[in-house]
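J.: below is the sequence, then the predicted model.
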Amino acid sequence: MAKIAINIATGSLQQDEMIVGIDLGTTNSLVAIIHPESKMPVALKEYDSSSLVPSVVHFDTNGSVVVGAEAKKFLLSDPARTIFSAKRLMGKTYSDVKGNAASLAYKIIDDENRLVKVQVGGQFYSPVDLSSLILKELKKQAEHILKTPVSKAVITVPAYFNDAQRQATRDAGKLAGLDVLRIINEPTAASLAYGFGLHKDEHKTIAVYDLGGGTFDISILNISNGIFEVLSTNGDTYLGGDDLDNAVVDHWIKKYELSGTGNEDTHRRVLRLKAEEAKKELSSGERYESGYEGKELSLAKEEFESLIRPIIDRTITSCTNALKDAGIEKTAINEVVMVGGSTRVPLVKKMVSDFFGRQVNDSVNPDEVVALGAAIQADILAGNTKDVLLLDVTPLSLGLETMGGLMDVLLPRNSKIPTKAARQYTTYKDGQSGMKISVFQGERDMVKDNRRLAEFNLTGIPAMPAGLPKVEVSFLINADGILVVKAKELRSGIEQSIEVKPQYGLTDEDVERMLLDSMTHAKEDMDARALTEAKTEAEQLLQTTEKFIQRNFKELTPQELQDTSLAMQALQLSLDMNDKNLVQAKTEELNAVSRPYAERLMDEAIQKTMKGNKIDQV
Ligand code: AMP
């Protein structure tokens, strides 16, 4: 622990450099600093305005871009060119978000396997581009208020963000011209702000319940002698105030038979804004009333509560899981700190308070607390605050793919960060010179259910009998929660250089290129890439299936062999047709045929090949 303390506290930054804390939120974003005189965290704002900058970007037809309150005005009048909730799309592919695409008024490119892009007129923007525009605006406003350049920042992300989403946030910072010194988890930041006022000798176990516009996080922490130790974290990057609004919209459409009355999108959009208005009004009132298309629209508090109860129930399930992972009972929690705009809903407070069996603490400003915590972390990095130490955890397990598509976990979720883990693997065949290592993140046993982060092609292993080489793969998570993977062959003493190909996130060169590029990509390029990727995947599947059949010929029934052969032929034929969807459909069909027997043989395969943690040859 002492070592970590030194690492974290070693900021070689000069004292006079201004490092800001940024809460890059789904709905609103804001900047905070430690006030140079009071030494207290404060949110930045212009004299007569709010500290909150709406996370909305509007692209004018003449090419100009506006961000924040100005952009929000266009949500109704020019929805197709006005982007909100971009954070919900960070690090996601189209397949990840297509279920939610309908609730967005702007256009998302329909390309299953690639990272999401938003289309505005003839231009394409990634969520990283959009977030960078918001960060640029925050930087500009902060510089205006502070009258000094701002180039260094700590940015917060939901604790449940995976590696791809963290990388995307860091990239957005770089694109905005910010040196992102640290990415920290939102609930952890909130706890820093909450704990800042505690006496140093107070020991507390707290739960931070953070329900924002688009995400939900729960973290359990121990605060003791200025050390903030995260015990566990849980949540859902697809759960927030937007879902409460959507539940109300669906309810109204059904109750007042509103669908089909004109343009579907426009009418949903207007209803969404009215639903949010209703939700906010019901946080203090008993009934909401308004008009729409000549009909009276109303919502009683009990009606609203019965609609949203199932959604809040999902957050309670996460609370149970977080307690279980932390290994403590509800009764051990001394304080439940409420964070995020959606915790203003009375039913949320009531259900959380009922669950924990204690009054919740809603005294901190739910809109500002995360940014204030980020400012405290920024001050720690600047070397000013020396008696506070943050020990965070990684929210999702990290591991490698082993035989049979199994996930071999090296770093279980809720491991303290920064952290390192290593495991040795060996070869499967005599003279095997290469090894393919795929890195995954997630909690499921089969890698197909988790997210692929990167692939390693370790080549040049000296010729040795199977089982003799010792290949050590090590995972290092830095304090941002970002993963670095290395591998080396120990027996030969030769350190292998490993090519890491992250499928998500950007390299520095990518960012530079993007900065130079006009941030646009032709749709045809993307189609061509998608086809190539689908074909490559199909070819790989054909090869692996072929090898699998050869190896396990005797264990398969004649029917299975025949079905596989037919599916392989169909896939092979589809490769010449240059139709991405057809190739994907045939790939899926072959998978569907081979999966049952692959799973059936898995147990034997694991026993046979994993005795020495063997990984299949490339
Ligand atoms: P955040 O992401 O923390 O900024 O939270 C934004 C969410 O809080 C949005 O879904 C808002 O609709 C919601 N919100 C803000 N104020 C209220 C309120 N008074 N009552 C209920 N929800 C609110």
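T.: Received it, and whenever you're ready, just let me know what you need.
J.: mind checking which helix or strand the residue nearest to G373 when sequence neighbours are not counted is in?
T.: Nearest non-adjacent residue to G373, counting by CB to CB, 6 or more residues apart in numbering: A189, 3.0 Å away. For the C-beta atoms, the positions are set from N, CA and C on the backbone; glycine is no exception. A189 belongs to helix 186-196 when assigned by DSSP states H and E.
J.: need the contact partners of that helix.
T.: Helix 186-196 is touched from outside by 21, 23, 41, 156-159, 204, 206, 208, 210, 212, 217-219, 221, 223, 228, 230, 233, 335, 337, 339, 361, 364, 369-374, 376-377, 388, 390, 392, with contacts defined as CB atoms under 8 Å, 6 or more residues apart in numbering.
J.: for the ligand, tell me which of those residues show up nearby.
T.: Contacts with the ligand within those, counted by CB under 6 Å from any ligand atom: G212.
J.: put the buried members of the contacts of helix 186-196 into a ChimeraX selection.
T.: To isolate the buried ones among those in ChimeraX, judged by 16 or more other CB atoms under 10 Å, type:
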select :21,23,41,156,157,158,159,206,208,210,212,217,218,219,221,223,228,230,233,335,337,339,361,364,369,370,371,372,373,374,376,377,388,390,392
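J.: so which of the contacts of helix 186-196 are in strands?
T.: If you go by DSSP state E, those have 21, 23, 41, 156-157, 204, 206, 208, 210, 217-219, 221, 223, 228, 230, 233, 335, 337, 339, 390, 392 in strands.
J.: gap between the residue nearest to the spatial centre of the chain and the ligand?
T.: Residue closest to the average C-alpha location in the chain (CA atoms, centre = their mean): F161, at 2.9 Å. Separation of F161 from the ligand (CB to the nearest ligand atom, to the nearest Å) stands at 14 Å.
J.: tell me the mean pLDDT over the helix holding A189?
T.: Here helix 186-196 scores 91 as its mean pLDDT.
J.: just stretch 417-424 next, same as before
T.: On average, stretch 417-424 scores 86.
J.: could you work out the end-to-end span of stretch 477-489 for me?
T.: Stretch 477-489 has an end-to-end distance of 21 Å (CA to CA, to the nearest Å).
J.: now do stretch 406-415
T.: Terminal residues of stretch 406-415 lie 21 Å apart, using CA to CA.
J.: what's that stretch in contact with?
T.: 230-233, 325-326, 393-402, 419, 421-423, 440, 442-447, 450, 473, 475, 477, 602, 606, 613.
J.: now that stretch: buried residues?
T.: By neighbour count with 16+ other CB under 10 Å, stretch 406-415 contains the buried residues L406, M407, D408, V409, L410, L411, R413, N414, S415.
J.: what comes up buried for the helix or strand containing P310?
T.: Take DSSP H and E as the rule and P310 turns out to sit in helix 301-326. Of all the residues in helix 301-326, those buried under the rule 16+ other CB under 10 Å are 301, 303-305, 307-308, 311-312, 315-316, 318-319, 322-323, 325-326.
J.: around the ligand, pick out the residues from the stretch 401-550 of the chain.
T.: Residues of the stretch 401-550 of the chain lying close to the ligand (CB under 6 Å from any ligand atom): none.
J.: give me the residue from the stretch 351-500 of the chain nearest the ligand.
T.: Nearest residue of the stretch 351-500 of the chain to the ligand, counting by CB to the nearest ligand atom: D367, 5.8 Å away.
J.: one more: the stretch 1-150 of the chain?
T.: For the stretch 1-150 of the chain, CB to the nearest ligand atom, closest residue to the ligand: T27, 3.8 Å.
J.: and that residue, how many neighbours?
T.: Per other CB atoms under 10 Å, the neighbour tally for T27 reads 22.
J.: relative to the ligand, how far out is the residue nearest to it when sequence neighbours are not counted?
T.: Taking CB to CB, 6+ apart, and ignoring the residues beside it in sequence, T27 has G213 as its nearest neighbour in space, at 3.4 Å. Distance of G213 to the ligand, given as CB to the nearest ligand atom: 4 Å.
J.: correct me, but G213 touches S29?
T.: No - taking contacts as CB atoms under 8 Å, G213 lies outside contact range of S29: 11.0 Å.
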